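In: output the structure for:
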Amino acid sequence: MNGMHGIIFSYEKRNDLRELEEIRSASSVPFGGRYRAVDFSLSNLVNAGVTDVGIVLHGHYQSLLDHLGTGKDWDLSRKRGGLKLLPPFAFKEKYGEGAFRGKMEALAGVRSYLQEIRRDYVALMDGDLVVNLPLTEIFEQHLKSGADITVVCGNDSFQTENGTYFERNKEGRITDVLYHLHTPRGYRGLEVYILSTKLLLELVDECASHDQFSWRRDVLQARKDTLYLNSYVWGGFAAQIRSVQEYYDRSMQLLDPAIRAELFCPERPIRAKGTDKCSSYIGPDGRCINSLVADGCSIEGVVENSILFPGVVVEAGAVVRNCVLFKETAVRRNAEVSYLIADKNVEVLADRTLMGHSSYPIVLAKGSVI
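Out: The predicted structure is shown next:
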């Protein structure tokens, strides 16, 4: 036993992120004022002492490559091990041009990489999961329980579309694996799993030989009676970036100081790529109320209940309410916007009004001029 290796899945999925996913994968969607969704998975692993991480890519991954670089910002730039980006070149040569049908097919596509893993255990995570887990504690529980696979579940407050649900007994052992439920029951899985490297390789080879590609159907559900599946229930904040509505709702939750304190606790810091911006400026007539404002912003109008990424400009007379504005977005003089998600480099021209609703926020694609 010598610790864990991390694998993050960042391939394309059938999400409902609309304009936010036209140029990037869900893992690369900005979140929380200065982060990308993948920052949370990487930080969870690094905080648990993981030094080797592979990220499985497929489609729309240029944004993620630009963000991650060598992995230096997460202390994963190393001569041996560290951060490895795994594009689907070997998969395309063997299986064709189509997207991954599931996690097991994605792992089969990087089979040669799995053979080189130096650690005895592997933590599997999705790149679109926003959470701050005590992964060291979860790993220790996995070792003590003797389980084949430890499944991390959320409490009743964590719900998302098309999720995997687990029923368990009093000892925490998984008794049933469910999905496509009209009425959810049991515990919603966070798509975080810990298992031995040896078992992972056996499962990948077994599934590949039978043309099985789904982790939850062909591994968890089909083998729930032959494998010892144990559970760890996380009762804190967790979100998955699967739809525009979910993205907006979870972003707005960050305006609650209690949730921010839990997600960004000092014991397990969330690392992110540096912005190299100057301090934000609020003009003499500017107001900023109950908002998260990153570095490099200029606010001369009114900002309420909003999240501003680096370099956002709100000119005099402009009003921004209940919005999420990505990098370098500009709201010009006397414009008014509410319930808006604006991608990078968006410009809302002077005297314009854009009004969405909390149940259907407006989304503006990167580079839009309205």
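
In: what sits closest to F31 if chain neighbours are left out?
Out: Of all residues not flanking F31 in the chain, A37 sits nearest, at 5.4 Å (CB to CB, 6 or more residues apart in numbering). To be clear about C-beta, it is placed using only N, CA and C from the backbone, and glycine gets the same treatment.

In: next one: K366
Out: Among residues not flanking K366 along the chain, D343 sits closest, at 4.1 Å (CB to CB, 6+ apart).

In: now for that neighbour, how many residues are close by?
Out: Other residues near D343 number 24, with proximity taken as other CB atoms under 10 Å.

In: residues in contact with it?
Out: By CB atoms under 8 Å, 6 or more residues apart in numbering, the contact list for D343 reads E19, L20, F326, T329, V363, L364, A365, K366, G367, S368.

In: which among those gets closest to N44?
Out: Set against N44, the nearest of the contacts of D343 by CB to CB is L20 (22.6 Å).

In: mind listing the helices for the stretch 201-350 of the chain?
Out: Using DSSP state H, counting those that start in this stretch, the helices found in the stretch 201-350 of the chain span residues 215, 244-253, 257-263.

In: among those, which is nearest V312?
Out: Evaluated over the helices of the stretch 201-350 of the chain, closeness to V312 peaks at helix 244-253, with 14.4 Å, by CB to CB.

In: please name every helix or strand in contact with the closest one.
Out: Judged by 3 or more CB pairs under 8 Å, 6 or more residues apart in numbering; DSSP states H and E, the packing partners of helix 244-253 are strand 30-31, strand 238-240, strand 324-325, strand 340-342.

In: in a markdown table: the ones you listed, plus mean neighbour count, mean pLDDT and distance to G356.
Out: Shown next, in a markdown table, are the helices and strands packed on helix 244-253 (neighbours: other CB atoms under 10 Å; pLDDT from 0 to 100; distance: least, CB to CB, whole Å):
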| stretch | mean neighbour count | mean pLDDT | distance to G356 |
| --- | --- | --- | --- |
| strand 30-31 | 24 | 96 | 18 |
| strand 238-240 | 25 | 90 | 20 |
| strand 324-325 | 28 | 98 | 11 |
| strand 340-342 | 26 | 97 | 6 |
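
In: could you dump those to a markdown table with distance to L76?
Out: As requested, those are exported to a markdown table (distance: least, CB to CB, whole Å):
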| stretch | distance to L76 |
| --- | --- |
| strand 30-31 | 20 |
| strand 238-240 | 23 |
| strand 324-325 | 28 |
| strand 340-342 | 30 |
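
In: of these, which is nearest S10?
Out: Per CB to CB, nearest to S10 of the helices and strands packed on helix 244-253: strand 238-240, 13.2 Å.

In: re earlier: so the residue nearest to F31 touches E21, yeah?
Out: No - if you go by CB atoms under 8 Å, A37 and E21 don't touch, sitting 11.3 Å apart.

In: count of residues packed around G33?
Out: G33 has 23 neighbours, counted by other CB under 10 Å.

In: read off the pLDDT value for it.
Out: Here, the pLDDT recorded for G33 equals 92.

In: the contacts of D343 in strands, which ones?
Out: The strands, defined by DSSP state E, take in V363, L364 from the contacts of D343.

In: nearest to W234, of the contacts of D343?
Out: The closest of those to W234 turns out to be L20 (CB to CB; 25.7 Å).

In: next up, the contacts around the closest one.
Out: Applying CB under 8 Å, 6+ apart to L20 gives the contacts V29, V244, Y247, I341, D343, V363.

In: with respect to R188, which of those residues is nearest?
Out: The closest of the contacts of L20 to R188 turns out to be Y247 (CB to CB; 17.5 Å).

In: looks like that closest one contacts V29 (just checking).
Out: Yes - under the criterion of CB under 8 Å, Y247 makes contact with V29 at 6.9 Å.

In: more neighbours: the two, which one.
Out: Regarding Y247 and V29, a neighbour count based on other CB under 10 Å identifies Y247 as having more, with 29 against 23.

In: neighbours around the closest residue to the more buried one other than its chain neighbours, how many?
Out: Spatial nearest neighbour of Y247, chain neighbours left out: I241 (5.5 Å); criterion: CB to CB, 6+ apart. Taking other CB under 10 Å as the neighbour definition, I241 ends up with a count of 28.

In: circling back: pull up the overlap in contacts between Y247 and V29.
Out: Jointly contacting Y247 and V29 under the rule CB under 8 Å, 6+ apart are L17, L20, I241.

In: what is the nearest of those to S279?
Out: Within the shared contacts of Y247 and V29, the smallest distance to S279 is 28.0 Å, found for L20 (CB to CB).

In: from L57, how far off is that closest one?
Out: The spacing between L20 and L57, counted by CB to CB, to the nearest Å, is 18 Å.

In: coming back round to it: angles on the backbone of the residue nearest to Y247, please.
Out: Per-residue torsions, I241: phi -90, psi 90 (degrees, to the nearest 10).

In: pretty sure it sits against A37.
Out: Yes - between I241 and A37 there is a contact at 5.1 Å, judged by CB under 8 Å.

In: need the overlap of contacts for the two.
Out: Residues touching both I241 and A37 by CB under 8 Å, 6+ apart: A26, V29, F31, D128, V130.

In: surely the second one and L129 touch.
Out: No - with contact defined as CB under 8 Å, V29 and L129 do not form a contacting pair (11.8 Å).

In: so for these two, which residues contact both of them?
Out: By CB under 8 Å, 6+ apart, the residues touching both V29 and L129 are A37.

In: rewinding a little: residues near the residue nearest to F31, how many?
Out: Residues near A37, counting by other CB under 10 Å, number 26.

In: this completes my enquiry, with thanks.
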